[in-house]
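# Could you work out the structure for the sequence below:
(one chain, ligands or ions: 1)
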Amino acid sequence: MSQNILQISRHEHYTILTLNRPEKLNAFTPALHKRLLNTLYELGDDRSCRAVLLTGAGRGFCAGQDLGQRNPATMKSAPDLGESLDKHYNPLIRQIKDLPKPVICAVNGVAAGAGANLALACDIVIAARSARFIQSFSRIGLVPDSGGTWVLPRILGEARAKGLAMTGQPISAQQACDWGLIWQVVEDEELADVSRQLTESLAVGPTYGLGLTKLAIHEASTNTLDQQLDLERDLQRAAGRSLDYREGVAAFLEKRKPEYVGE
Ligand code: LHQ
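Numbers count the residues shown, from 1 in each chain. Presented below is the predicted three-dimensional model:
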């Protein structure tokens, strides 16, 4: 492989993943999908990695599918895009949701199509002020995928979800933040430091409890209040037995900083 299409930078408690096809705004090829997904599977099993930071190299975050590789005009028969979703995009979104540790996304530039929805699937999204989010699917006759039709109406309501999905108009990072799609907007030159500091602080947090928190918020989207109260009881029971709860309370009472082990 001539190019390292996914840069993996391992730190003491966290890992930074950088999509690295800057000349194509980090658009997805099957090879990039495979590398990213396999890495996320590995990080899921790696207890020493307690947070993941995802970002892009160059001036874009991710422009979604590499359309050069999915061009109906150059294919023998019409492409089966459902197969692409089954094989690549859906496992990726599911793995990010299922990782029992925080996934932070630093959106360093344009995030379009599945690239936008990849960012929105992460737990905490910080964007550079110059970044844009584009549901560009409608521009090429497609339907928002990678969870877009699930997340957008939930956060924005139908009016804005349909507006974004049907017009394909970009929104600024600030607009995305004002609408509650992302956590924070920072100046471009601050993005790397701010997102890394946040990742570092989460990576030394109570990872087990954070994983359960992520699960609870995820389940809330389909649960009734009664179901959610039961789930909270079960998860709190589990969290209450963790080493980190013991440490958190001890540190509070001893007026010192907790030293969590993530378990
Ligand atoms: C690209 C791409 C790209 C290839 C920029 N592909 N080269 C799932 C199932 C399977 C198949 C179908 O798709 C999906 C999900 C999807 O993600 S569908 C949506 C696919 N993505 C798009 O439609 C976005 C296409 N890109 C754009 O609209 C623009 O590039 C944006 C608005 C992202 C950025 O515009 P600019 O800042 O003006 O940059 P640019 O257009 O000049 O792009 C820079 C280069 O990157 C350029 O290459 P070149 O060789 O001409 O310099 C582009 O061709 C290339 N590039 N996106 N998706």
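
# what does the stretch 1-150 of the chain have sitting close to the ligand?
The stretch 1-150 of the chain has residues 24-25, 27, 63-68, 70, 81, 84-85, 89, 110, 112-114, 134, 136-137, 139-140, 142, 145 near the ligand, with proximity defined as CB under 6 Å from any ligand atom. C-beta coordinates here come from the backbone N, C-alpha and C atoms, glycine included.

# In strands only, show me these.
Under the assignment DSSP state E, those contribute 110, 112, 134 to strands.

# Show me which of the residues you listed is closest to residue 11.
Distances from residue 11 to these, taken as CB to CB, are shortest for residue 110 (26.8 Å).

# tally of neighbours for that closest one?
Residues lying near residue 110 (other CB atoms under 10 Å) number 22.

# Let me know the secondary structure of residue 52.
strand (DSSP: H, G, I helix; E, B strand; the rest coil).

# What's the separation between it and residue 199?
With the distance defined as CB to CB, to the nearest Å, residue 52 ends up 8 Å from residue 199.

# which residues does the residue nearest to residue 152 when sequence neighbours are not counted contact?
By the measure of CB to CB, 6 or more residues apart in numbering, the closest residue to residue 152 outside its immediate chain neighbours is residue 161, 3.8 Å from it. Residues in contact with residue 161 (CB atoms under 8 Å, 6 or more residues apart in numbering) are 149, 152, 153.

# Report the spatially closest residue to the residue of the stretch 101-250 of the chain found nearest the ligand, excluding sequence-adjacent ones.
Distance from the ligand to each residue of the stretch 101-250 of the chain (CB to the nearest ligand atom) is smallest for residue 113, at 2.5 Å. Leaving aside its chain neighbours, residue 113 sits nearest to residue 64 (2.6 Å; criterion: CB to CB, 6+ apart).

# wouldn't the one you found be in contact with residue 136 here?
Yes. Assessed by CB atoms under 8 Å, residue 64 is found in contact with residue 136 at 6.7 Å.
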